[in-house]
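# missing the sequence, but the structure's below:
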């Protein structure tokens, strides 16, 4: 006969990404093996790890393509100025997203369009 499934409730996050999901569960609640796998996946979602080398690589390649395509139509001085203005503008978005708790934040240039910053909000509001 199979052991009954215990109700394991996870309290809402309090904004501190340092605590793990498993540590938030009551110590007296038994963890069934498949629940352990689910808890590990929840931990990955709550605390994504960013790879700086990959982030910088994407930024450098996207800037290079942006500049290469931009120089076909405009002189280098205009293209360099445009990249500088876009970079400074998007850097503001990047810093703001980091301040407000976004994780895995990346900036990239979109050739023939502009630039963008993306990230993931991994915490929920407390009610």
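Structure's in. What do you need? Predicted model, so just to flag it, every value in this text is computed and none were measured. Numbering: from 1, shown residues only.
# Just confirm residue 105 is within a strand.
Yes: looking at residue 105 with DSSP: H, G, I helix; E, B strand; the rest coil, it is inside a strand.
# On the three-state scheme, the nearest residue to it once chain neighbours are set aside is what?
With sequence-adjacent residues excluded and distances taken as C-beta to C-beta, 6 or more residues apart in numbering, residue 105 is closest to residue 119, at 3.7 Å. Quick note: C-beta positions are derived from backbone N, CA and C, even for glycine. Here residue 119 takes the strand state, with states given by three-state DSSP.
# Quick check, residue 119 in contact with residue 97.
Yes: contact criterion C-beta atoms under 8 Å: residue 119 and residue 97 qualify, at 4.9 Å.
# Name the residues contacting each of the two.
residue 105 (C-beta atoms under 8 Å, 6 or more residues apart in numbering).
# still on that earlier bit, distance check, the residue nearest to residue 105 against residue 101.
Relative to residue 101, residue 119 is positioned 9 Å away (C-beta to C-beta, to the nearest Å).
# where in this protein is pLDDT low?
Applying pLDDT under 70 to the chain picks out residues 1-31, 44-50, 122-127.
# Break it into its domains for me.
For the chain, the structural domains run 1-47, 52-121, going by automatic domain parsing.
# Could you tell me how far residue 57 is located from residue 106?
From residue 57 over to residue 106 the distance is 11 Å, taken as C-beta to C-beta.
# ok, those two, which is more surrounded?
Shown here are residue 57 and residue 106; by other C-beta atoms under 10 Å, residue 106 has more neighbours (17 against 11).
# give me the beta-bridge partners of the more buried one?
Legend: beta-bridge partners of residue 106 under DSSP bridges are residue 118.
# ok, it touching residue 58?
Yes: Residue 106 is in contact with residue 58 according to C-beta under 8 Å; the separation is 6.4 Å.
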